[in-house]
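S.K.: okay, structure incoming, though there's no sequence with it:
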């Protein structure tokens, strides 16, 4: 088990082609995708693999660049093939990643994660 004291965030390692980075991502249990990086990452990652339309929480539509990559919760060894989306200005980790683990939200103080 690992513990993230930065409630409700997890450190996530992402790789797209030769680019890799560790980011602190908000655990978004309402997001059924993999990982969202801020839209400025599209410049770093180069040509996207997909362009998709997203309906946002407020009902508006947005166009996002998406990349085929890999994601892993830092401290765990399990890597997940992931669709990395560049959209907005926040770092989010969604259900396609976190549903593989047991998450315990500990009284608003820490997040514990285990296989």
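M.R.: Thanks, I have it. Since this is a predicted model, take the numbers as computed values, not measurements.

S.K.: residues touching the residue most central in space within the chain, list them.
M.R.: Among the residues of the chain, the one closest to the centroid is residue 35, at 2.5 Å (Cα atoms, centre = their mean). By Cβ atoms under 8 Å, 6 or more residues apart in numbering, the contact set of residue 35 is 12, 14, 25, 71, 82-85, 91-94, 97. Any C-beta I mention is one placed from the backbone N, CA and C, and that applies to glycine too.

S.K.: pick the one among those residues closest to residue 54.
M.R.: residue 85 (7.7 Å; Cβ to Cβ).

S.K.: thinking the closest one is in contact with residue 66, fair?
M.R.: Yes: under the criterion of Cβ atoms under 8 Å, residue 85 makes contact with residue 66 at 4.9 Å.

S.K.: more neighbours, the two?
M.R.: residue 85 (25 against 22; other Cβ atoms under 10 Å).

S.K.: this completes my enquiry, with thanks.
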